[in-house]
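Enquirer: Structure of the sequence below:
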Amino acid sequence: MISRIFLQATLGIAIVVAVLAIPFRMVAADVEKQQYYEVRIYSTQSEEQQKRVNDYWQNAAIPAYNRMGIQPVGVFTELQDSVTNKIYVLIPCDSLEDFTAIPAKLAADADYQKAAAEFLNAPKSDPAYVRFESSLLVAFDGMKRMAVPPADKKPNVFELRTYLSSSEGKGLNKIQMFESGEIPLMKEVGLAPIFYGRTIAGLNMPCLMYMTSGENMDAHKQHWQGFSASPVWKKLKSDPQYKDNVSRVISIMLKRTSASQI
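Expert: Predicted coordinates:
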């Protein structure tokens with residue numbers, strides 16, 4: 001009788017523990033889900049337009065995106081000032097459902113509509129920007145979520161790289177190369193990667209994009225030198241299975257704007 005009571009009690013405890021553990025397992029699973037990134041690039045032809053784009057994101061869009069649970073949003077511009085500087089916006093989403101829900105949520109957000117009205121309804125005679133391009137990316141398996149440097153180690157320069165490949169197979173092969181050693185090596189030498197993503201809709205496909213960061217240009221160059229000199233990189237670069245998987249590299253040096261949360 002005592003044994004039966006003990007067995008029932010033990011089973012009961014096991015069931016309670018299992019039930020209580022479910023939310024924690026679900027949270028852990030959610031953390032491991034791949035993020036999706038929208039990368040927007042605004043073309044401008046004046047400092048005034050650059051200010052209008054930045055102010056829109058700082059005062060209207062980012063608060064609205066944050067209310068949806070989408071954060072941090074990165075807003076960057078080219079390192080060297082120019083009247084034709086582009087504005088780069090990095091938007092992380094935890095799922096495609098979150099991404100596709102954005103337009104409807106913005107349309108229903110009264111605070112956003114009020115704050116963004118002037119920007120959204122800029123006349124033809126006085127446009128807020130020339131044009132913007134948008135690409136949708138899915139995070140690599142090797143780094144499924146954005147990594148934001150801690151507040152006490154905020155970088156001052158960012159490098160956005162786009163790798164174009166001659167075919168989809170070659171593009172996937174380059175991602176495999178990243179995941180076979182490049183990503184951990186970049187972290188090890190201090191390149192402080194922010195994200196890696198494969199473009200699933202956008203320009204220059206097939207391609208991938210990623211962003212690294214540094215304290216300043218000199219430090220950033222030193223980190224790249226450490227990467228280039230590493231035996232890990234030399235071995236990967238000489239591996240015939242990764243031959244000719246990139247046909248063109250586009251590198252843009254950026255700095256954060258006042259709107260940026262990264």
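Enquirer: need the strands for the protein, in chain order.
Expert: For the chain, applying DSSP state E gives strands covering 36-43, 74-78, 87-93, 131-139, 157-164, 195-201, 207-214, 248-256.
Enquirer: where in the stretch 151-262 of the chain is pLDDT low?
Expert: Within the stretch 151-262 of the chain, not a single segment meets pLDDT under 70.
Enquirer: Report the contact partners of the residue lying closest to Arg40 once chain neighbours are set aside.
Expert: In this structure, Arg40 finds its nearest non-sequential neighbour in Val89, 4.2 Å apart by CB to CB, 6 or more residues apart in numbering. Where you see a C-beta, it was placed from the backbone N, CA and C, and this is true even at glycine. By CB atoms under 8 Å, 6 or more residues apart in numbering, the contact set of Val89 is 38-42, 57, 73-76.
Enquirer: re earlier: between the strands of the chain, which gets nearest to Arg145?
Expert: strand 131-139 (6.6 Å; CB to CB).
Enquirer: thinking again about what came up before, wait, which of the contacts of Val89 is closest to Lys124?
Expert: Distances from Lys124 to the contacts of Val89, taken by CB to CB, are shortest for Tyr42, at 17.1 Å.
Enquirer: Am I right that that closest one is in contact with Lys86?
Expert: Yes - between Tyr42 and Lys86 there is a contact at 6.1 Å, judged by CB atoms under 8 Å.
Enquirer: more neighbours, these two?
Expert: Using other CB atoms under 10 Å as the criterion, Tyr42 and Lys86 rank with Tyr42 on top: 25 against 21.
Enquirer: Got the confidence number for that one?
Expert: With respect to pLDDT, Tyr42 scores 98.
Enquirer: thinking again about what came up before, closest one of the contacts of Val89 to Ala122?
Expert: Taking CB to CB as the measure, Ala122 lies nearest Tyr42 of those, at 12.5 Å.
Enquirer: So for stretch 120-130, what gets flagged as buried?
Expert: For stretch 120-130, the neighbour count (16 or more other CB atoms under 10 Å) marks 128-129 as buried.
Enquirer: what do you get for stretch 211-230?
Expert: Here stretch 211-230 shows 211-215, 220, 223-224, 226-227, 230 as buried, counting by 16+ other CB under 10 Å.
Enquirer: which of those residues lies closest to Phe158?
Expert: Ser213 (4.9 Å).
Enquirer: contacting residues around that closest one?
Expert: Counting by CB under 8 Å, 6+ apart, Ser213 touches 149, 155, 157-159, 191-194, 220.
Enquirer: In contact with the nearest residue to Leu96 once chain neighbours are set aside, which residues?
Expert: Using CB to CB, 6+ apart and skipping residues adjacent in sequence, the residue nearest Leu96 is Tyr36, 6.0 Å away. Listed by CB under 8 Å, 6+ apart, the contact partners of Tyr36 are 92-96, 98-99, 136-139, 197.
Enquirer: can you tell me which two in these are farthest apart?
Expert: It's Asp98 and Gly197 that sit farthest apart of the contacts of Tyr36, by CB to CB, at 15.3 Å.
Enquirer: So these two - more neighbours on which side?
Expert: Higher neighbour count among Asp98 and Gly197: Gly197, with 27 against 16, using other CB under 10 Å.
Enquirer: Against Gln71, how distant is the more buried one?
Expert: 17 Å (CB to CB, to the nearest Å).
Enquirer: can you put the contacts of Val89 in TSV and add distance to Pro123?
Expert: Listed next are the contacts of Val89 as TSV, based on distance: CB to CB, whole Å:
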residue	distance to Pro123
Glu38	26
Val39	28
Arg40	22
Ile41	23
Tyr42	18
Trp57	20
Val73	27
Gly74	29
Val75	24
Phe76	27
